[in-house]
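Q: I'll drop the sequence and a predicted model, then ask my questions.
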Amino acid sequence: MLVRKFYQRDKGQTEQILYEQLDEGLRGITNFEDCVIAYEPVWAIGTGVTADKSK
């Protein structure tokens, strides 16, 4: 699960946070053929705030 907080979005930390989480989460996986990565910012889950493409 990739998690990013609302305050991190506003500080422009998204790319670094996602890189760190993907690097750790995918460690040890050797076959990416059937791998799917989905992302929804935690600040948008159940809040009614919709993330647009730029977020």
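A: Nice, I can see it.
Q: report the buried residues of the longest helix along the chain.
A: Longest helix in the chain, counting residues (DSSP state H): helix 14-25. For helix 14-25, the neighbour count (16 or more other Cβ atoms under 10 Å) marks Ile17 as buried. Bear in mind the C-beta positions are built from the backbone N, C-alpha and C, glycine included.
Q: just the C-alphas of that helix, formatted as CSV.
A: What follows is helix 14-25, C-alpha atoms only, in CSV (Å, rounded to 0.1, in the frame of the first residue of the first chain):
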residue,chain,number,x,y,z
THR,A,14,4.9,13.1,-3.5
GLU,A,15,7.6,11.7,-5.9
GLN,A,16,10.2,11.1,-3.2
ILE,A,17,7.6,9.4,-0.9
LEU,A,18,6.3,7.1,-3.7
TYR,A,19,9.8,6.2,-4.7
GLU,A,20,10.8,5.2,-1.2
GLN,A,21,7.6,3.2,-0.7
LEU,A,22,7.9,1.5,-4.1
ASP,A,23,11.5,0.7,-3.5
GLU,A,24,10.8,-0.9,-0.2
GLY,A,25,7.5,-2.6,-1.2
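Q: now the closest residue to Phe32 other than its chain neighbours. Its backbone dihedrals?
A: Of all residues not flanking Phe32 in the chain, Leu26 sits nearest, at 7.9 Å (Cβ to Cβ, 6 or more residues apart in numbering). When read as degrees, to the nearest 10, the backbone of Leu26 gives phi -100, psi 0.
Q: Leu26: how many residues sit nearby?
A: 12 (other Cβ atoms under 10 Å).
Q: any idea how far it lies from Gly46?
A: Distance of Leu26 to Gly46, given as Cβ to Cβ, to the nearest Å: 27 Å.
Q: one more: Glu20?
A: Glu20 is 24 Å from Gly46, by Cβ to Cβ.
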